[in-house]
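A.B. asks: Coordinates for the following, if possible.
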Amino acid sequence: HLATSLPLPSERDHLRPRIDLIVFMIDIKSKYSLKNVEASLAHVDASFFLGKVCFLVTGVGRVNDCSIETNAVCKLGKTYCSPVLFCELELEGVRAATAQRLLRILEICAGHVRGVSALSFVLLMRNSDDD
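C.D. replies: Numbers count the residues shown, from 1 in each chain. Coordinates of the predicted model:
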């Protein structure tokens, strides 16, 4: 399911399936994109930041067109203890690899990978980023 911002409309709460993962997409070429994500973060329950949120930064292939510093996005990931994935959606191979990564993260967050919880997965990602 896709939403352009949060909070989600409450009139369809009874029809909404369980939310296992929230992926915030940030277009590195749009300051509005980052501001929209920052505003939406206030509507996410704190328990989701324990492994069920990630940030997907698109448009990273065109460094000259960037309106957002990558450091700002990385800081957002650290602040919310959530992984940050960078990709260029215009490249088919990168788009396919990113989709596979997101599906694997979703499988973990939904509890379909034995022995790995969303929280332990995020902690593993954080430890590898710190090296």
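
A.B. asks: Wait, a strand at F24?
C.D. replies: Yes. Going by DSSP: H, G, I helix; E, B strand; the rest coil, the assignment for F24 places it inside a strand.

A.B. asks: which residues does it bridge with?
C.D. replies: F55 (DSSP bridges).

A.B. asks: mind listing what it touches?
C.D. replies: By Cβ atoms under 8 Å, 6 or more residues apart in numbering, F24 lies in contact with V37, S40, L41, V53, C54, F55, L56. Just so you know, the C-beta spots here come from the backbone N, C-alpha and C atoms, and that holds for glycine as well.

A.B. asks: Which among those residues count as buried?
C.D. replies: V37, S40, L41, V53, C54, F55, L56 (16 or more other Cβ atoms under 10 Å).

A.B. asks: any idea which of these is closest to V116?
C.D. replies: When the buried ones among the contacts of F24 are compared for distance to V116 (Cβ to Cβ), C54 wins out at 15.2 Å.

A.B. asks: Counting neighbours, what do you get for the nearest residue to the closest one once chain neighbours are set aside?
C.D. replies: Nearest residue to C54 in three dimensions, chain neighbours excluded: P83, at 4.7 Å (Cβ to Cβ, 6 or more residues apart in numbering). By other Cβ atoms under 10 Å, the residues close to P83 number 20.

A.B. asks: From R18, how far out is P83?
C.D. replies: 21 Å (Cβ to Cβ, to the nearest Å).
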